[in-house]
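Enquirer: Make a model of this:
(chains A and B)
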Amino acid sequence: MSTVTATAVARPKAAARRSSRGRLTLPRQALLQALAILILLTVLFPVIWVVSLSLDPLNRSRPEGLSLIPRGATLEAYWQVFKQPTNNPIGFMGLALNSLKIAVGSSLVSVAIGVSAAYAFSRLKFRGREVLMLAILGVLMLPPVATLTPLFVMLNKVQVELPVLGAFNLRNSLLGVGLAIISGLLPFAIWNLKGYLDTIPRDLEEAAAVDGATTNQTFVQIVLPLAMPALAVTAFLGFVSGWTEFYFSWMFLNKASDQTLAMALYSMQGQYTNTPWSVFSAFAILFAIPPAAVYFAAQRYIVSGLAIGSVKG
Amino acid sequence: MTAGVMARVARRRSSGSWSNRGGRIAYLYLIPALLVMGIITAYPLLFQVWMSFTDYGIGNLRAGAPAPNFVGLKNYVDVLSSQLAIPNFSFVRLIVYNLWWAASNVVIHVILGVAIAILLNTRGLWFKRFYRAVFILPVVIPPIIVATVWKNMYDPDNGAINLILAGIGQLVRLPPEMFRIDWLRQVEDPIPWFLPFVPLPLAYYAMLITNTWLGWPLNSVVATGALQSIPHELYEAAEIDGANAWQRFRHVTLTYLRPAMLPYAIYGFVITFNLFHLAFFMSAGGPFGRTELLVTQAYRLVNDQKLYGVGASFAVIMFFILLVITLVTNRVARATQSYENL
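Expert: A predicted model of the protein is given here:
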């Protein structure tokens, strides 16, 4: 009863406050809008620049100047990207397929293995728990470059003669690059998923345990469904890091048919290429669209998850 | 119904506390992860320590090649005393530049992020949600694309930045030839006295601009969350007590922002310290290796120079540098936690 009267009293006060302060004076509003639009322009400028570059015709290797829609605007560059963006005889789809294999493979493996370990760290008691968690955190602290040298050397030792495919060098293969990515992605997946599992209230699991569910049943039937949002976000972040991966692919892969999107993008900017800027821009746009689209669609979950996860450490 | 609950409680008592679960089954859940991490993470890291004491080179790569020679601490001494036989390598310059790069970036990110969050948190501002949605754009574009596109924008002849400057210059009748600035490769420093012993090349400022574009939006997201958690009554109370706008900002806004922003700034520092993409794709470490970071130098040692043993020792040294940074920043984070409890 007392709370009801309290809110009843508070409400008109709040309403009065809102009406007295809610409106900015027009000059102030204009000033702040001008500021916001200025920021908006700086944020959007690189995107507008790339989009307008990508519309240049192919016979123009550099832009004529700053223009929103260039003279003789055309989609030729996109067509060229699909046919053959670089000197390598491989089209955008071929490159994307290689990136896709690496990204999907490493993301799914690390999430699948990671969630079971995350469950153990979050919910079960066992000897060595603290030490193992500290070890994972230690690995997480390292940049991907830290394991580059030993993985290159070790994977290079795995060379076998396969019956049909011929000589196979694990280092010089998409599988090898995928393994190298998992080595960094798995600790991240474990840590991220453990952080999320820790925030799920234990009531449901306790109730299940009271009803006689085993640990496995609790994990599969209760924890996994509850953790779905975190699984999706972690898988997506892993996917993006594989989709745009550069260090390992650039160093490990030698075959033209194994080229990835990131490698092609880099080689388009080298000193010795004459790639038209329109082709480069069209390529960059097509390359960025898949992750950017998902980010925008699921922005709330991913950005807040990123921010919160990072604050937690 | 009551009987059911009683039975449950009884059963729960008899089976002991739920949280005591674990034991052997825990290892079953861990085995896949431990196996994979053991083979492709832990073992390589240990192998790397061994490699760092050898002269592992391109001749030792092939299967069945001779084992490398043991050289003791030679690699470490060479790296730390900058005696590697590669051009433009100076370990002290690398560290100083790398620390300065991370610190200067984070300070700008945090200040801009907070300022813009406050701007967009103004009561009654139109199109708030639209601005917030668009301002997240730099975060969603993969960093490799950001870096290559900005490199393109800094092109001395046809790049967007010089075109804009020339356009502005024309308004005050400056000739367009003045704006052929080679942002990423110019050798002369714009402010030669700025950082003692490690003067900053123009490429540093160019990448600082790019990374500012890239870095403030997430800071703004964090700051917005913190701003919205400030009870409005506090501002009213401060106003009644006669606090002016600056005092209200300093004593109310900042007090609430600090516990949220400081851990995030620390995280940003570590991320920026290891930021590979800009230094690699934009300046390529140039001019003369002066914008090289530890991570890009490490990559060049093994990818370009094929010095696997030296690269391994470099990675081990990097590990200790990052360890020190983590320990120091954890200290700072803990200090803020106690601040929060005050």
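Enquirer: what's near enough to touch residue A:27?
Expert: Contact criterion C-beta atoms under 8 Å, 6 or more residues apart in numbering or on different chains gives no residues in contact with residue A:27. Backbone N, C-alpha and C define where each C-beta goes, glycine included.
Enquirer: tell me the strands in chain A, going along the chain?
Expert: A:159-162, A:166-169 (DSSP state E).
Enquirer: Is the last one positioned near chain B?
Expert: This means strand A:166-169. No. With C-beta under 8 Å from any C-beta of the partner chain as the criterion, chain B is not reached by strand A:166-169; the gap is at least 8.9 Å.
Enquirer: now for that strand, which elements pack on it?
Expert: strand A:159-162 (3 or more C-beta pairs under 8 Å, 6 or more residues apart in numbering or on different chains; DSSP states H and E).
Enquirer: Looking at the strand it packs on now, give me its mean pLDDT.
Expert: Taken as a whole, strand A:159-162 carries a mean pLDDT of 84.
Enquirer: Kindly report the same for stretch A:96-109.
Expert: Average pLDDT, stretch A:96-109: 96.
Enquirer: Repeat that for stretch B:319-328.
Expert: Per-residue scores along stretch B:319-328 average to 91.
Enquirer: same question, stretch B:214-233
Expert: When pLDDT is averaged along stretch B:214-233, the result is 90.
Enquirer: Return the distance of it from the chain's centre.
Expert: Distance of stretch B:214-233 from its chain centroid, counting by C-alpha atoms, centre = their mean, to the nearest Å, is 19 Å.
Enquirer: Equivalent analysis for stretch A:43-60, please.
Expert: In terms of C-alpha atoms, centre = their mean, the centre of stretch A:43-60 is found 24 Å from the chain centre.
Enquirer: and what of stretch B:58-75?
Expert: On C-alpha atoms, centre = their mean, the centre of stretch B:58-75 falls 34 Å from the chain's centre.
Enquirer: which residue packs closest to residue B:142, ignoring adjacent ones?
Expert: Counting by C-beta to C-beta, 6 or more residues apart in numbering or on different chains, residue B:142 lies nearest to residue A:244, which is 4.1 Å off, once chain neighbours are set aside.
Enquirer: Then residue B:32?
Expert: Across the structure, with C-beta to C-beta, 6+ apart as the measure, the residue nearest residue B:32 apart from its sequence neighbours is residue A:113 (4.6 Å).
Enquirer: quick one, what contacts the residue nearest to residue B:142?
Expert: Per C-beta under 8 Å, 6+ apart, neighbours of residue A:244: A:99, A:261-262, A:287, A:291, B:142-145.
Enquirer: Can you pull the residues of the stretch 151-300 of chain B lying near chain A?
Expert: Counting by C-beta under 8 Å from any C-beta, the residues of the stretch 151-300 of chain B that sit close to chain A are B:151-153, B:157-158, B:160, B:163-164, B:167, B:213, B:217-218, B:221-222, B:225, B:232, B:236, B:260, B:263-264, B:267, B:270, B:274, B:276-277, B:281, B:295, B:298-299.
Enquirer: Please name the nearest non-neighbouring residue to the residue of the stretch 101-250 of chain B found nearest chain A.
Expert: Sorted by distance to chain A under C-beta to the nearest C-beta, the residues of the stretch 101-250 of chain B start with residue B:140, at 3.7 Å. When the adjacent residues along the chain are set aside, residue B:140 lies closest to residue A:295, with 3.7 Å between them (C-beta to C-beta, 6+ apart).
Enquirer: try residue B:332
Expert: Nearest residue to residue B:332 in three dimensions, chain neighbours excluded: residue B:266, at 6.3 Å (C-beta to C-beta, 6+ apart).
Enquirer: Now do the same for the helix or strand hosting that neighbour: mean pLDDT, whole number.
Expert: For residue B:266, the element it lies in under DSSP states H and E is helix B:254-273. Averaged across helix B:254-273, pLDDT comes to 89.
Enquirer: Could I get the buried residue list for it?
Expert: By 16 or more other C-beta atoms under 10 Å in any protein chain shown, the buried positions in helix B:254-273 come out as B:256-257, B:260-273.
Enquirer: by contact count, what packs against it?
Expert: Partner elements for helix B:254-273 (3+ C-beta pairs under 8 Å, 6+ apart): helix A:299-312, helix B:91-120, helix B:202-228, helix B:308-341.
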